[in-house]
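Novice: Next one to model:
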Amino acid sequence: MKKIEGFRCVECAMECGLADAKYICPRCRGNLSVVYDYNALRKKFSRKSLKADAERSLWRYLDILPLAGRSGIPPVEVGWTPLYRARKLGEALGLKNLYVKDDGRNPSASFKDRASAVIAARAFENKEKTVAGASTGNAAASLACMMASSASKPVIFVPRTAPVAKLAQLLAYGAVVLRVDGTYDQAFDLCRLACDEFGWYNRNTGYNPFTREGKKTCAFELCEQLSWRVPDYVFVSAGDGNILSGLWRGFSDFHALGLIDKRPKMVAVQAAGSAAIARAWKDGRPIRPVSGKTLADSISVSLPRDGAAAVAALNQSQGFAVTVSDREILVAIRTLAQGAGVFAEPAGAAAYAGLAKCAADGRVRGDDSAVIVVTGSGLKDVSSAMKAAGRPHDVGTGMDSVRRLVAREKIS
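Specialist: Model (predicted):
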């Protein structure tokens, strides 16, 4: 079955064949989106076929992924992460139907494993010798994880601000790590130049059109895990905007296939100092660079590389963008952990901070159903987590100090 018809440009809408472009639009250099033959897919992909499939990973959706088969699939289990009904959090916000999708439970503890799994498989199918990518840490760690058992080791470009925990992951997985004396955006551009010169396969988010294909599988899972009841809102943090556009693509695929009868409103949550997508959506203008300054390193981006697709997703879904401060993000780390048992890195917790602000403002109401997508584990950035969590109680080695603490803290 030929399931892919070609590409369509996100910006100028030009269509071309798979052989006519590898990364970006040959006319306007905009990002590309994969075009599927939905009529052909409907013949074998349905609710019934999914119900009969015992596999619990993103590969249960192989029929609607850009791969010829299973030959290049990494050996680790990616996807089908838990979805929790967050009653305690919901009660605090006045929301009756709140859910938390914990994608920090993926192999490298990040949502980005979804994209990297598909990229690694495509690289294998197409006999790419070397895969390279730029990242603040999560996308790089996920690629290194997906390719850890392969003969070829990925080349990773990270900014000098990449958290130590993410660097440790990269090095442990055996990647070739190039720490760039600059920002994420500079690492992104340097990676692109290196790929062009050495012929490496470029995994970069918002450049390689197949990263969005892996990320859309989270939307597929949400539909199934909610028994095909599509939520009213999906809140997700946004840096480059590729997760947001990927989720929207997933809901749109299922809608085109007739598996769901509506799509959710997408909400982009950005750090106030790194809010290029939010500004572009609000002003109705093209994406423009911002400072990118925020403690949430995973969404610290000056120029979002998939920003146009993200803004389009907000507009098409009748959603919106909201910004939150770094302080609100830190509070959200603690609130999510204590209210839902989910330990999120700053970027992951930002989604909850955005929802809390919208619930307080009345933009999301009590009967609305909402999903928060937590994109990474708090173990990715322990220093930020400690700022949010506070300090332990120091006691001596005897019971007297324990008794004093118990009395002072009124522990019963």
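Novice: Ser150 and Ser298, how far apart?
Specialist: Remark: distance between Ser150 and Ser298 (Cβ to Cβ, to the nearest Å) = 25 Å. Yep, even glycine has a C-beta here, placed from its N, CA and C like the rest.
Novice: all helices for the stretch 1-150 of the chain, in order.
Specialist: Using DSSP state H, counting those that start in this stretch, the helices assigned to the stretch 1-150 of the chain run over residues 38-42, 47-52, 87-93, 113-125, 138-146.
Novice: Tell me how the chain divides into domains.
Specialist: Domains of the chain are assigned by automatic domain parsing as 4-73+111-202, 83-109+212-389.
Novice: Check the helices of the stretch 1-150 of the chain for me and report the most buried one.
Specialist: Comparing the helices of the stretch 1-150 of the chain by mean neighbour count (mean count of other Cβ atoms under 10 Å), helix 138-146 ranks first with a mean of 30.
Novice: elements contacting that helix?
Specialist: helix 113-125, strand 131-134, strand 155-159, helix 164-173 (3 or more Cβ pairs under 8 Å, 6 or more residues apart in numbering; DSSP states H and E).
Novice: Switch those over to CSV; also include mean pLDDT and distance to Ala144.
Specialist: Compiled in CSV, these are given as follows (pLDDT from 0 to 100; distance: least, Cβ to Cβ, whole Å):
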stretch, mean pLDDT, distance to Ala144
helix 113-125, 97, 8
strand 131-134, 96, 9
strand 155-159, 95, 7
helix 164-173, 92, 4
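Novice: how about the ones you listed, which one is nearest Arg87?
Specialist: helix 113-125 (27.2 Å; Cβ to Cβ).
Novice: quick check: angle from the closest one to helix 138-146?
Specialist: 50 degrees (axes from the mean of the first three to the mean of the last three Cα atoms, to 10 degrees).
Novice: what's helix 113-125 in contact with?
Specialist: 58, 65-69, 71-74, 76, 78-79, 103, 106-108, 128, 131, 139, 142-143, 145-147, 150, 201, 203, 205, 208, 210-215, 217-218, 242, 246 (Cβ atoms under 8 Å, 6 or more residues apart in numbering).
Novice: picking up where we left off before, may I see the helices and strands packed on helix 138-146 arranged in a markdown table, with distance to Ile372 as well?
Specialist: Formatted as a markdown table, the helices and strands packed on helix 138-146 follow (distance: least, Cβ to Cβ, whole Å):
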| stretch | distance to Ile372 |
| --- | --- |
| helix 113-125 | 17 |
| strand 131-134 | 27 |
| strand 155-159 | 27 |
| helix 164-173 | 22 |
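Novice: among the domains of the chain, which is the most enclosed?
Specialist: Most buried of the domains of the chain, by mean neighbour count (mean count of other Cβ under 10 Å): domain 83-109+212-389, with a mean of 22.
Novice: Endpoints of that one, how far apart?
Specialist: 24 Å (Cα to Cα, to the nearest Å).
Novice: now do stretch 257-269
Specialist: End-to-end span of stretch 257-269 (Cα to Cα): 28 Å.
Novice: average model confidence for it?
Specialist: Mean pLDDT, stretch 257-269: 98.
Novice: got it, and stretch 316-331?
Specialist: On average, stretch 316-331 scores 98.
Novice: Glu11: which of the helices of the stretch 1-150 of the chain is closest?
Specialist: Ranking the helices of the stretch 1-150 of the chain by proximity to Glu11 (Cβ to Cβ) places helix 113-125 first, at 20.7 Å.
Novice: Just the C-alpha atoms of that closest one, please, in PDB.
Specialist: Provided in PDB are the C-alpha atoms of helix 113-125 (Å, rounded to 0.1, in the frame of the first residue of the first chain):
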ATOM      1  CA  ASP A 113      11.700  10.000  22.000                       C
ATOM      2  CA  ARG A 114       8.700   9.800  19.800                       C
ATOM      3  CA  ALA A 115      10.300  11.900  17.100                       C
ATOM      4  CA  SER A 116      13.800  10.300  17.500                       C
ATOM      5  CA  ALA A 117      12.400   6.800  17.200                       C
ATOM      6  CA  VAL A 118      10.800   7.600  13.800                       C
ATOM      7  CA  ILE A 119      14.000   9.500  12.600                       C
ATOM      8  CA  ALA A 120      16.200   6.600  13.700                       C
ATOM      9  CA  ALA A 121      14.000   4.100  11.800                       C
ATOM     10  CA  ARG A 122      13.900   6.300   8.700                       C
ATOM     11  CA  ALA A 123      17.700   6.800   8.800                       C
ATOM     12  CA  PHE A 124      18.100   3.000   8.900                       C
ATOM     13  CA  GLU A 125      15.700   2.400   6.000                       C
END
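Novice: what's the spacing between Ala278 and Leu314?
Specialist: Taken as Cβ to Cβ, the span from Ala278 to Leu314 is 9 Å.
Novice: any common contacting residues for those two?
Specialist: 268, 321.
Novice: Break down the stretch 201-350 of the chain into its helices, ranges please.
Specialist: Using DSSP H, counting those that start in this stretch, helices in the stretch 201-350 of the chain cover 211-215, 217-225, 242-256, 276-283, 307-317, 326-340, 346-361.
Novice: can you list contacts of the second one?
Specialist: It refers to helix 217-225. Contacts to helix 217-225, defined as Cβ under 8 Å, 6+ apart, come from residues 50, 58, 61, 65, 79-81, 83, 101, 103, 111, 114, 230-231, 234, 246-251, 253-254, 259-260, 371, 373.
Novice: how far off helix 113-125 does it point, in degrees?
Specialist: Going by the same axes, to 10 degrees, helix 217-225 makes 120 degrees with helix 113-125.
Novice: any weak-confidence spans in this protein?
Specialist: Judged against pLDDT under 70, the low-scoring parts of the chain cover residues 1.
Novice: Same list, the helices of the stretch 1-150 of the chain, but as JSON lines with distance to Ala21 please.
Specialist: Shown next, in JSON lines, are the helices of the stretch 1-150 of the chain (distance: least, Cβ to Cβ, whole Å):
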{"stretch": "helix 38-42", "distance to Ala21": "21"}
{"stretch": "helix 47-52", "distance to Ala21": "31"}
{"stretch": "helix 87-93", "distance to Ala21": "43"}
{"stretch": "helix 113-125", "distance to Ala21": "14"}
{"stretch": "helix 138-146", "distance to Ala21": "22"}
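Novice: So for Ala175, which of these sits nearest?
Specialist: helix 138-146 (3.8 Å).
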